[in-house]
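S.K.: Next come a sequence and a model predicted from it.
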Amino acid sequence: MIEDLLRDGSSYHNTASARFAGELEAAVCGSVDPGSLVPLLYWSNHTIGEHLRDWPRARALAERVLEGRTPDARTAAAWAKLYAARAMAGDLEGAELAQQVYAATDGIDPRVAAIDSKMTLANALAGSGRLAEGSALYESALALARNTPKSNADRMVAIASNNLASQLLEVCPRSAEQDELMRAAAAAGLEFWLRCGTWQNEERALYLSALVANALGEPMAAREAVDAAFRIIDANGSEPVDETFLRLARANAFAMLGDLAGHKRDLAAAESAAASWDGAMRQWFAEERAKIKLL
């Protein structure tokens with residue numbers, strides 16, 4: 001049930017934040033499966049803390065979810081979410097305690113815990129409008145990750161970088177500083193997925209790179225990222241949903257380049273592929289379709 005809520009709510013968290021926040025709180029009245037802890041607390045921090053600017057409420061939810069639990073290698077990253085929620089709510093002593101619990105978990109490298117905690121707090125700071133602090137902390141965590149031998153931190157950095165770039169895509173208008181942080185985060189996401197991910201992770205990172213390039217007014221770079229993603233998909237199999245959204249991104253790039261034929265071709269292909277979708281998938285497609293520049 002929580003998995004369904006997180007999947008569906010991710011499509012409306014920024015347009016109906018209060019609704020999603022209430023649904024998240026209602027969903028944790030019962031027991032939460034260990035596999036849902038990290039995504040649940042990611043969405044509660046992002047929605048309640050960043051969108052609604054109510055970090056004490058986000059902290060309270062995180063504390064309720066983790067109360068009485070002992071972290072293990074599978075769930076320890078949830079304490080990074082608690083760390084960020086407490087720090088953003090002004091509870092620095094509690095934040096430090098959460099980070100210590102994370103770092104002391106059996107099977108967890110303390111360096112990985114430090115990188116994850118820094119990345120999580122950097123996302124929270126940037127998402128809450130504290131860009132200078134968030135950017136500095138993000139760069140610090142990124143430097144630490146690049147100097148750490150290949151480890152579980154690679155995946156955490158890739159995810160955190162993707163999340164940060166995606167969050168900044170939602171900001172409108174953005175400052176020049178936000179644009180540069182968004183660019184750096186998208187590039188780092190691709191860099192770290194190449195260190196630890198699958199071919200699907202790589203092509204999805206390229207899709208995010210295309211969205212960022214379009215948002216920065218760089219349609220040629222966007223088109224190149226989409227083309228690279230399609231080459232990866234073609235070499236490994238198929239991803240119909242990903243291909244549909246890649247076509248939307250390329251249609252937008254073609255529009256900015258003034259290529260009417262390419263624009264119409266990709267837009268028509270995307271619309272045809274999504275014609276049978278419904279529910280959250282249809283809503284997601286409609287939202288992305290509405291962002292496309294038309295010729």
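M.R.: Yep, it's here.

S.K.: check contacts around N14.
M.R.: Counting by C-beta atoms under 8 Å, 6 or more residues apart in numbering, N14 makes contact with 51, 170. The C-beta positions use only the backbone N, C-alpha and C, and glycine is treated the same way.

S.K.: Backbone dihedrals for Y12, please?
M.R.: Its backbone dihedrals place Y12 at phi -130, psi 10, with angles given as degrees, to the nearest 10.

S.K.: residue contacts, it?
M.R.: Taking C-beta under 8 Å, 6+ apart as the definition, contacts of Y12 comprise 19-20, 283.

S.K.: just curious, which of these is nearest to A229?
M.R.: The nearest member of the contacts of Y12 to A229, counting by C-beta to C-beta, is Q283 at 23.1 Å.

S.K.: Burial check on the nearest residue to that closest one once chain neighbours are set aside, number of neighbours?
M.R.: Taking C-beta to C-beta, 6 or more residues apart in numbering, and ignoring the residues beside it in sequence, Q283 has S11 as its nearest neighbour in space, at 5.3 Å. Neighbourhood size, S11 [other C-beta atoms under 10 Å]: 19.

S.K.: my read: S11 touches F285, true?
M.R.: No: in terms of C-beta atoms under 8 Å, S11 does not count as a neighbour of F285; the distance is 9.8 Å.

S.K.: element containing the closest residue to N152 other than its chain neighbours?
M.R.: Take N152 and drop its neighbours on the chain: the residue closest to it by C-beta to C-beta, 6+ apart is V112, 5.2 Å away. Assigned by DSSP states H and E, V112 belongs to helix 110-127.

S.K.: Please spell out which residues along that helix are buried.
M.R.: With burial defined by 16 or more other C-beta atoms under 10 Å, the residues of helix 110-127 counted as buried are 111-127.

S.K.: same thing with stretch 234-251?
M.R.: Of the residues in stretch 234-251, those with enough neighbours to count as buried (16+ other C-beta under 10 Å) are 239, 242-251.

S.K.: I'd like the distance between the residue lying closest to T148 once chain neighbours are set aside and A210.
M.R.: Using C-beta to C-beta, 6+ apart and skipping the chain neighbours, the partner closest in space to T148 is R111 (5.4 Å). Noted for R111: a distance of 32 Å to A210, by C-beta to C-beta, to the nearest Å.
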